[in-house]
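# Fold the following for me, if possible:
(one chain, ligands or ions: 1)
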Amino acid sequence: MFNKILIANRGEIALRIIRTCREMGIKTVSVYSTADKDSLHVRFADESVCIGPPSSTESYLNIPRIMAAVEITNADAIHPGYGFLAENIEFAKICEQYGVKFIGPTSKQMAKMGDKISAKATMIKAGVPVVPGSEGLLKSVKQGKKLAKEIGYPVILKATAGGGGKGMRIIWKDDEFQHAWDSARQESKAAFGNDGMYIEKFVEDPRHIEIQILGDQYGNVCHLSERDCSIQRRHQKLVEESPSPFMTDELRKKMGAAAKAAAKSINYEGAGTVEFLVDKHRNFYFMEMNTRIQVEHPVTEEVIDYDLIKEQIKAAAGIPISGEDYFPQMHAIECRINAEDIYNDFRPSPGTIQFLHLPKGHGIRVDTAAYSGYTISPYYDSMIAKLICRARTREECIQKLQRALDEFFIEGIHTTIPFHKALLKNEDFRSGNFNTGFMDTFEMPKKTLT
Ligand code: MV4
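Presented below is the predicted three-dimensional model:
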């Protein structure tokens, strides 16, 4: 087992990793920017190293400075958390060369899923269902139009380097193709430095359902069931839950098997997530694989009663898994509490939390690094807490979330709490009748006092 893990991250996930390390008797090193000098991840780690000014590129994304922190603290592993360097192939490669264990897949495994077109080709070979579309890069508008006609409109144009909906265009008819092509290529060139494009049949009103998987270094893979992440806005998840209200035992078996086949085909080690689009007929299609621990991992932890960070660390240390799958025993829902003004287009609302009161009690978990007096910096993302409730049924879970939100007080900044309260009253949400288009028509609550 590792002696000392350096956590190349900040905020709630850094704290989350420190907690598991302490339980496992592993020493921890935090790195931090000057903006985070008073953060809990700095206080709770055994050692901490300042790696630069607030700007991410000069601190949490700065590989030489992080490797210098590894050097001076003699850490033998790095946990990247999510975001920042978690899916950076170059960083994983440098860790390998340097002889410090990157807690996650190898750079080679990561690279196989990094580029969308090659990931899709790998999935076809593994027998995982993918959306019908172009095989490989599109070479021209002419070729694209010809393929689109064969597949049938509407189609969706995607960037091979894409993510978060960038460089993506829905095309409804032939004469929209040229414009979509030009603008999507320009956008993805600017965002990723790569303008490779492909097309797929556009799946209308899909659900976003992802399967958590875990692999060891000996080719064993298990799945840990699904999370439904259909409640999103501009590709930002707002709420995640497990089990999915749309899931059946049969579909879970099929999607679980497909996710395992996906992971096995690239010899995947560590925790990962296979994302699928699921249409109204319960056809499912591989979308992409996330080669990291995700923000919403607690939902899975709560329903199967398992510490995913601990399993990630064990897998990275070379401990084998049994390969047995896990199924939800409870229902869990996570609400992301962001410092955003929901009455102004979810605009970020950084600032100082004047007063913080967290909900407590049976079945309630709050993952956060915030405290009364904590200042949310404009340099990083706006998530300040994750409220996760667990109960035997979805109905009880929603009741518990409502009670918890009613005793959640954050003063001094705007938060997404009023949105979550309104969502939980929505009949379509309550009945499980939602897909990724839900937020396009959801009516925001009226602004009230208190
Ligand atoms: C799609 C799709 C419909 N059909 N692909 C959005 C992010 C990117 N990773 C893939 N995305 C989509 N791909 C086909 N063939 C619809 C989306 C999509 C979406 C997917 C998951 C969650 C939210 C979404 C919101 C809009 C579009």
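# quick one, what contacts the residue lying closest to T352 once chain neighbours are set aside?
With sequence-adjacent residues excluded and distances taken as Cβ to Cβ, 6 or more residues apart in numbering, T352 is closest to T375, at 4.6 Å. All C-beta spots, glycine's among them, are computed from the backbone N, C-alpha and C. Shown in contact with T375 (Cβ atoms under 8 Å, 6 or more residues apart in numbering): P350, G351, T352, I353.
# and the stretch 351-450 of the chain, which residues reach the ligand?
Applying Cβ under 6 Å from any ligand atom, we find that the stretch 351-450 of the chain lies next to the ligand at T436.
# Looking from the ligand, tell me which residue of the stretch 351-450 of the chain is nearest.
T436 (3.6 Å; Cβ to the nearest ligand atom).
# okay, that residue: pLDDT?
Looking at T436, its pLDDT is 98.
# quick revisit: may I ask which two of the contacts of T375 are separated the most?
P350 and I353 (10.5 Å; Cβ to Cβ).
# the more surrounded of these two?
Neighbour totals were compared for P350 and I353, and I353 leads with 20 against 16 (other Cβ atoms under 10 Å).
# Does that one touch I410 like I think?
Yes - the pair I353 / I410 is scored as a contact, 5.9 Å apart, by Cβ atoms under 8 Å.
# Need the overlap of contacts for the two.
A370, I384.
# re earlier: quick one: the residue nearest to T352 from G272, how far?
34 Å (Cβ to Cβ, to the nearest Å).
# just I309 next, same as before
Counting by Cβ to Cβ - I309 and G272 are separated by 14 Å.
# can I get the contacts of T375 in a markdown table with secondary structure and pLDDT?
Formatted as a markdown table, these follow (DSSP: H, G, I helix; E, B strand; the rest coil; pLDDT from 0 to 100):
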| residue | secondary structure | pLDDT |
| --- | --- | --- |
| P350 | coil | 97 |
| G351 | strand | 98 |
| T352 | strand | 98 |
| I353 | coil | 98 |
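# any chance of those in JSON lines, with distance to A77 too?
Listed next are the contacts of T375 as JSON lines, based on distance: Cβ to Cβ, whole Å:
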{"residue": "P350", "distance to A77": "32"}
{"residue": "G351", "distance to A77": "36"}
{"residue": "T352", "distance to A77": "35"}
{"residue": "I353", "distance to A77": "33"}
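# ok, the residue nearest in space to the middle of the chain - contacts?
Nearest residue to the geometric centre of the chain (Cα atoms, centre = their mean): Q294, 3.9 Å. Listed by Cβ under 8 Å, 6+ apart, the contact set of Q294 reads Y82, T273.
# three-state assignment of it?
Using DSSP: H, G, I helix; E, B strand; the rest coil, the structure places Q294 in coil.
# pLDDT below threshold where in the stretch 251-400 of the chain?
Across the stretch 251-400 of the chain, nothing is flagged by pLDDT under 70.
# Run through the helices of it in chain order.
In the stretch 251-400 of the chain, the segments counted as helices under DSSP state H, counting those that start in this stretch are 297-304, 308-316, 394-406.
# And E311, how far from K386?
From E311 to K386 the distance is 19 Å (Cβ to Cβ).
# What residue, apart from its backbone neighbours, is nearest G136 spatially?
Spatial nearest neighbour of G136, excluding adjacent residues (Cβ to Cβ, 6+ apart): I117 at 6.0 Å.
# Can you report phi and psi for that neighbour?
For I117, the backbone dihedrals (degrees, to the nearest 10) come out as phi -70, psi -40.
# re earlier: test my guess that the residue of the stretch 351-450 of the chain closest to the ligand contacts P206.
Yes - counting by Cβ under 8 Å, T436 does reach P206; the two are 5.7 Å apart.
# if you count what's nearby, which of the two comes out ahead?
Taking neighbours as other Cβ under 10 Å, T436 and P206 compare with P206 leading, 21 against 18.
# Doesn't the residue of the stretch 351-450 of the chain closest to the ligand lie inside a helix?
No - with three-state DSSP as the criterion, T436 is assigned coil and is not in a helix.
# what's the distance between it and L238?
Taken as Cβ to Cβ, the span from T436 to L238 is 11 Å.
# Need the residues touching each of the two.
Contact criterion Cβ under 8 Å, 6+ apart; residues shared by T436 and L238: Q232.
# thinking again about what came up before, joint contacts of P350 and I353?
If you check P350 and I353 against Cβ under 8 Å, 6+ apart, the residues they both contact are T375, I376, I413.
# Return the subset of the residues you listed lying in strands.
T375, I376 (DSSP state E).
# Dump the shared contacts of P350 and I353 to CSV, plus distance to E71.
Listed next are these as CSV, based on distance: Cβ to Cβ, whole Å:
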residue, distance to E71
T375, 31
I376, 31
I413, 38
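# Which residue ranges of the stretch 151-300 of the chain form strands?
155-159, 169-171, 197-201, 207-215, 221-233, 236-242, 270-278, 284-290 (DSSP state E, counting those that start in this stretch).
# Report the rounded mean pLDDT for the longest one.
Translated: strand 221-233. Taken as a whole, strand 221-233 has an average pLDDT of 98.
# burial of I266, as a residue count?
Residues near I266, counting by other Cβ under 10 Å: 23.
# Now do it against the ligand, distance only.
From I266 across to the ligand, the span is 19 Å (Cβ to the nearest ligand atom, to the nearest Å).
# need the contact list for that residue.
Q109, K112, M113, T122.
# One more pass at 10 Å, please.
The contact partners of I266, by Cβ atoms under 10 Å, 6 or more residues apart in numbering, come to 105-106, 108-113, 119, 122-123, 126, 215, 272, 289, 291.
# residues near the closest residue to M123 other than its chain neighbours, how many?
Of all residues not flanking M123 in the chain, F286 sits nearest, at 4.7 Å (Cβ to Cβ, 6+ apart). F286 has 24 neighbours, counted by other Cβ under 10 Å.
# now the one 3 residues further on
By other Cβ under 10 Å, 28 other residues sit near M289.
# again with the one 10 residues further on
With neighbours defined by other Cβ under 10 Å, the count for V299 comes to 31.
# Go ahead and confirm it touches Y306.
No - at 11.5 Å, V299 does not count as touching Y306 under the criterion of Cβ atoms under 10 Å.
# Common neighbours of those two, please.
With Cβ under 10 Å, 6+ apart, V299 and Y306 have common neighbours Q212.
# before we move on, back to that, okay, the strands of the stretch 151-300 of the chain in CSV with distance to the ligand next?
Shown next, in CSV, are those (distance: least, Cβ to the nearest ligand atom, whole Å):
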stretch, distance to the ligand
strand 155-159, 5
strand 169-171, 8
strand 197-201, 4
strand 207-215, 4
strand 221-233, 5
strand 236-242, 8
strand 270-278, 6
strand 284-290, 5
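# Same list (these) but as JSON lines, adding distance to F442.
As requested, the strands of the stretch 151-300 of the chain are arranged in JSON lines below (distance: least, Cβ to Cβ, whole Å):
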{"stretch": "strand 155-159", "distance to F442": "23"}
{"stretch": "strand 169-171", "distance to F442": "20"}
{"stretch": "strand 197-201", "distance to F442": "26"}
{"stretch": "strand 207-215", "distance to F442": "16"}
{"stretch": "strand 221-233", "distance to F442": "9"}
{"stretch": "strand 236-242", "distance to F442": "10"}
{"stretch": "strand 270-278", "distance to F442": "20"}
{"stretch": "strand 284-290", "distance to F442": "23"}
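# Perfect, that will be all.
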